[in-house]
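Trainee: The sequence isn't on hand, but the structure is:
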C-alpha cells in the first residue's frame, strides 16, 4: 500500500502534528491511567479503520505491559470479562464519541453516568480530549492512507 501523501514529509502536517502532540501533554500527565489511555486510542483507531494507529497503539500498549488477551479483546470488550468497570465506561465513551454521526444523540446519558461514576473531573477532561485527539490522528492517517506494520514503540520520541 502506498500512501497518498507522506505525512512524515509534509511540512504543514508535521507542524500540525507537533502542535497536536504538545496539546496532548496534559492528557499524558493527567491521572487518567496510562493503560486506559492506550485502550481508548486502540479502540477509536479500530473503529476508524486506522491501520497505522491500530498498529502503533497495540504495540505501545504491549510494550507498556498490556496483555495480549486484553489487546485482542478490545474490539469485543462488551463480551469480555478482562476489563474493569472503569475501563468499560471509557471504552463506551470512546465508541459513542467516535461514532457521533452514527448516534442521533451523541453520547448517551447512560454512558455519561458510568463515566462520572468511575472518573473525576480531571480524568473526564483527559478522556474527552484524548478521544478528540485520537480521532484527529486517525483521520490524518486514513485520508493519507498511511501504511501500517512498521511502527516500533518509542520511534516518535
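Mentor: That came through, no problem. What you see is a predicted model, and the numbers here were worked out from it, not measured in a lab.

Trainee: I'd like to check what contacts the helix or strand residue 55 falls within. Which residues are they?
Mentor: For residue 55, the host element (DSSP states H and E) is helix 51-63. For helix 51-63, the surrounding residues in contact (C-beta atoms under 8 Å, 6 or more residues apart in numbering) are 35, 38-39, 41-42, 44-46, 68, 71, 134, 137-138, 141, 146-154. All C-beta atoms are positioned from the backbone trio N, CA, C, and that covers glycine.

Trainee: Okay, and which of the residues you listed map to helices?
Mentor: Among these, the residues falling in helices (DSSP state H) are 35, 38-39, 41-42, 44-46, 68, 71, 134, 137-138, 141.

Trainee: Now tabulate these in a markdown table and tack on pLDDT and neighbour count.
Mentor: Shown next, in a markdown table, are the ones in helices among the contacts of helix 51-63 (pLDDT from 0 to 100; neighbours: other C-beta atoms under 10 Å):
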| residue | pLDDT | neighbour count |
| --- | --- | --- |
| 35 | 96 | 15 |
| 38 | 96 | 23 |
| 39 | 97 | 24 |
| 41 | 98 | 26 |
| 42 | 98 | 26 |
| 44 | 98 | 27 |
| 45 | 98 | 28 |
| 46 | 98 | 20 |
| 68 | 96 | 10 |
| 71 | 97 | 18 |
| 134 | 98 | 27 |
| 137 | 97 | 24 |
| 138 | 97 | 23 |
| 141 | 96 | 23 |
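
Trainee: Looks like residue 120 contacts residue 86 (just checking).
Mentor: No - using C-beta atoms under 8 Å, residue 120 is not in contact with residue 86, being 11.1 Å away.

Trainee: Tell me which of the two has more neighbours.
Mentor: Per other C-beta atoms under 10 Å, whichever of residue 120 and residue 86 has more neighbours is residue 86, with 17 against 12.

Trainee: can you pull the pLDDT of the closest residue to residue 106 other than its chain neighbours?
Mentor: Once flanking residues are discounted, residue 106 sits nearest to residue 100: 5.6 Å by C-beta to C-beta, 6 or more residues apart in numbering. Per-residue pLDDT puts residue 100 at 89.

Trainee: Phi first, then psi, for residue 100.
Mentor: The main-chain torsion angles of residue 100 are listed as degrees, to the nearest 10 and equal phi -50, psi -40.

Trainee: could you measure it against residue 51, distance?
Mentor: 22 Å (C-beta to C-beta, to the nearest Å).

Trainee: The two: which is more packed in?
Mentor: Legend: neighbour count by other C-beta under 10 Å for residue 100 and residue 51, higher for residue 51 (20 against 11).
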